[in-house]
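build me a model from this:
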Amino acid sequence: MNNENLLAYFPIFDLDWGVLVKLLLTVLLIVMIAVAIYDRFIQRKNQLLVNYPLIGRLRYFFYLLRNPMRQYFGDETFYDSFEKLVWINKVAQKENPYLSFSPTKPYGNQKTLFKHANFVKEVDEVDEELSVMFGKDRREPYVSKTIIGRSAMSDGAISPEGTRAFSIGAFKGNFPINTGEGGLTSNFLAPLNVPDCTSSCLEIKKGTWFAKMAYRIIRFFTNKEVSQRVYRKMVVRQKDRGSFIFDNKKLVYFRVDWTKTIDSFPMHVPAGVPDITFQMGSGLYGVRDEAGKFDEVRYQKVMRFCRMTELKLAQGAKQTGGKLLATKVSADIAYYRGVPEHKDLISPNRFPYAEDMETFFDFISRLQELSGKPVGFKIVISTKEEFERYAKVLKSRKEEGKTIADFLTIDGGDGGSATAPLEMMSKIGLPIRESLQIVTEVLTEYGLREDIKIIAAEKVLTPDDVIELLCYGADFINIARGFMISAGCIRARECSGAGGRNCPVGLATMDEIKRSRYLVLQKAKNVANYHNELIYGVRSLLAVMGKTDVSDLSRDNLIYHN
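Okay, the predicted model is just below:
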């Protein structure tokens, strides 16, 4: 067949190829623009695509290549296995987390295994209520509805939108949330509606009829996030407007007015507030007076919204005071913490009321008296001998009839996801399993184990991590990075804001543009889902181990495999 006959059968070969290429490129450009518009302005399930429309999809394209290319490139080793991260993301979005084949970490390399029962139980035979009581001798003990909580993360280190997502997620999932050393801020009260707090301690900003109408119109054509940002600027005119929380029922903005007298504050934690543990760091943020000293009355006001107090002496990521770079010290954060805005915030290394053991424990007793609620402290373990110094003083105080700490939070030396000096991140303190062995043995030896609950934290991601720490003696588990991942963290490691680089998803940044696009309500659901699936996974493991409650666990249920 000659060329003329070929063109007769296939007219496409007679086209101008230059025109065809231009046509295809035009179509491709239109599609790309349409996808970018969809990512940025329409979809509200993926906050990375809101900040990085179209380009952000490359992340998921490379994800698709990950498993096929695994035979050529090494696997991620910073976490136990990449599958654990996949599990978190799947359960957070209510997807099926089941895997095929074995995880990336070979079975032979696992040093700790669980003993399964010869005759296992069904999951529904395991106790549904996995709870812990803290401060049984206090006026107001705290009974958690779970054995898992979100670890300390300060509002400011986490964006206001991120803190609201965690708070709403904690309220939906019925688990406690730790404020971090940044103190109690309005964002931790995000689930609260004004009618739920009948006291007069709230400062309320009401919108005009025009502002309310504008809000409803903008919400109809856009979404909640956009409409609330516009409405906030119309209703709250002051510089620290971000310190106000939105009540979507009354269409008002509110925050706690700390200048009101203590009589104006609720006697009990209002409905609509999650279970909050107030963390007091060396900077005394949120409970300090104008001179930077501890303010007893302000502390009492704060504790009207919180269940427990945790004094932070140290954490796994750093043995120094907290560090918040100037880029994160916004007007709102300055308002909350009582510090100058846009200046580096470096907390003292030493807790101001911890010159020695007696002084420190006297301060704990004072806090217990002021709040009537459980008080504990957070430390990192280095040696048995050093921890015994705490135990000896605690035992002596108990024998003298004085109050002692209600709980200990033990952070492993390899834990903590905070901004910290590199030289301190993994060189100070024992790993959590060795630490728990020391703490449980010493407390038992000194007759203190029944008086003090143990909270453990260090790189806990999935239910098997939880079970293992419970076997080592922990009563309760705090999780930071797992909750971060469920809230959208992609592990970009740009949390500090140093060098002008910010968290790309708006979770750990004060950058106005990126955080304004963070999907608060969507991520709150994911956070709650993650917690719920953790609890279900714990109950599933208990069932195959033949247990009905976490109190049945001990190190006898572990197999050490070399």
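
ok, the residue lying closest to Phe134 once chain neighbours are set aside to Ile490 distance?
Nearest in space to Phe134, with sequence neighbours left out and distances taken as C-beta to C-beta, 6 or more residues apart in numbering, is Pro374 at 4.2 Å. C-beta: built from backbone N, CA, C; applies to glycine. Separation of Pro374 from Ile490 (C-beta to C-beta, to the nearest Å) stands at 36 Å.

more neighbours: which of the two?
When Pro374 and Ile490 are compared for neighbours, Pro374 comes out ahead with 25 against 18, by other C-beta atoms under 10 Å.

buried residues in the longest helix anywhere in the chain?
Longest helix of the chain, by residue count under DSSP state H: helix 520-544. Within helix 520-544, the residues scored as buried using 16 or more other C-beta atoms under 10 Å are 520, 522-535, 537-539, 541-543.

what's the average pLDDT for that helix?
Confidence over helix 520-544, taken as the mean pLDDT, stands at 95.

just checking, what packs against the helix or strand just after it?
For helix 520-544, the following helix or strand on the C-terminal side (DSSP states H and E) is strand 558-560. The criterion is 3 or more C-beta pairs under 8 Å, 6 or more residues apart in numbering; DSSP states H and E, and the helices and strands that strand 558-560 contacts are strand 112-114.

name the SS class of Cys489, please.
Reducing the assignment at Cys489 to three states with DSSP: H, G, I helix; E, B strand; the rest coil gives coil.

any idea how many residues pack against the nearest residue to it once chain neighbours are set aside?
Nearest-residue entry for Cys489: Leu507, 5.7 Å, with adjacent residues in sequence omitted and distances by C-beta to C-beta, 6+ apart. Taking other C-beta under 10 Å as the neighbour definition, Leu507 ends up with a count of 26.

what sits against Leu507?
Contacts for Leu507 were tallied using C-beta atoms under 8 Å, 6 or more residues apart in numbering; they are 47, 158-159, 161-162, 484, 487-489, 518, 523.

top of those residues by neighbour count?
Ala487 (30 neighbours).

distance of the residue nearest to that one when sequence neighbours are not counted from Tyr390?
For Ala487, ignoring the flanking residues on the chain, the nearest one in space by C-beta to C-beta, 6+ apart is Lys523 at 4.8 Å. The span separating Lys523 from Tyr390 equals 38 Å under the rule C-beta to C-beta.

likewise for Met303?
Using C-beta to C-beta, we find Met303 at a distance of 24 Å from Tyr390.

again, but for Ile485
According to C-beta to C-beta, Ile485 and Tyr390 sit 33 Å apart.

can you check Lys328 too?
33 Å.

beta-bridge partners for Gly149, please?
Each beta-bridge partner of Gly149 is listed here, defined by DSSP bridges: Asn478.

contacting residues for it?
In this structure, Gly149 makes contact with 170, 175-178, 275, 277, 455, 476-479, judged by C-beta under 8 Å, 6+ apart.

likewise Arg555?
For Arg555, the contacting residues are 437, 471-473, taking C-beta under 8 Å, 6+ apart as the criterion.
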